[in-house]
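Engineer: Structure for this input, please:
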Amino acid sequence: MATITDDVTVSELAQRLSRLEDLRAIEQLKYRYAGYCDNGYDPDGIVSLFVEDGRWVVDGEGGTMTGHDEIKAHFRALSDKITWALHYMIAPRIELSDDGRSATGYFYLLCLCTIENSADSTTKDPVILTINYTDQFVKRDGAWYFQELLGKTHQVSNWDQGWVKQPFRD
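Structural biologist: This next block holds a predicted model:
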């Protein structure tokens, strides 16, 4: 067996490199999701990131959608209510399974957006939104996909009020 050093083999280095590439691919998948959200909640783009039976679950005003058809319909409707958004996905922490075929990812979201006022749909509000994500990923045919995107809303508040008047959720 070829060796790089006395302690690390070529095979071990290849495994380590493969794990690093997988971690990076999962981060990029989450960032692509944010990009599609920031592009008018592009339903076709978003659904392309999920396996066929994938789930999108966000508490609060989000809901639970399972499968491409439900996810796509949700994002078509969402673009009417949220007319502008900028999703900052931060602090990624990804736990890759030992077999390299699944992973759990943790991310924070800081989102600035323009949302339809719930009392008057002709009025838009500037909003700060934060969510904690715990996502499940699967690798299929060499590519990573969402099996489940799970978001727990941390807080939502109008820009002019900030988060002080909106207590954080438990």
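Engineer: Nearest residue to the middle of the protein?
Structural biologist: Centrality entry for the chain: nearest residue to the mean C-alpha point is K30, 4.7 Å, by C-alpha atoms, centre = their mean.
Engineer: mind checking which helix or strand it is in?
Structural biologist: Assigned by DSSP states H and E, K30 belongs to helix 10-38.
Engineer: Mind listing what's buried along that helix?
Structural biologist: Going by neighbour count (16 or more other C-beta atoms under 10 Å), the buried part of helix 10-38 is D22, L23, A25, I26, E27, L29, K30, Y33, A34, Y36, C37, D38. C-beta coordinates here come from the backbone N, C-alpha and C atoms, glycine included.
Engineer: May I see those residues organised as TSV, with pLDDT added?
Structural biologist: Converted to TSV, these look like this (pLDDT from 0 to 100):
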residue	pLDDT
D22	97
L23	97
A25	98
I26	98
E27	98
L29	98
K30	98
Y33	98
A34	98
Y36	98
C37	97
D38	98
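Engineer: Could you identify the most distant pair in these?
Structural biologist: Comparing all pairs in those by C-beta to C-beta, the longest separation belongs to D22 and D38, at 24.9 Å.
Engineer: coming back round to it: and the buried residues of helix 10-38, which is closest to S118?
Structural biologist: Comparing the buried residues of helix 10-38 against S118 with C-beta to C-beta places C37 closest, at 20.3 Å.
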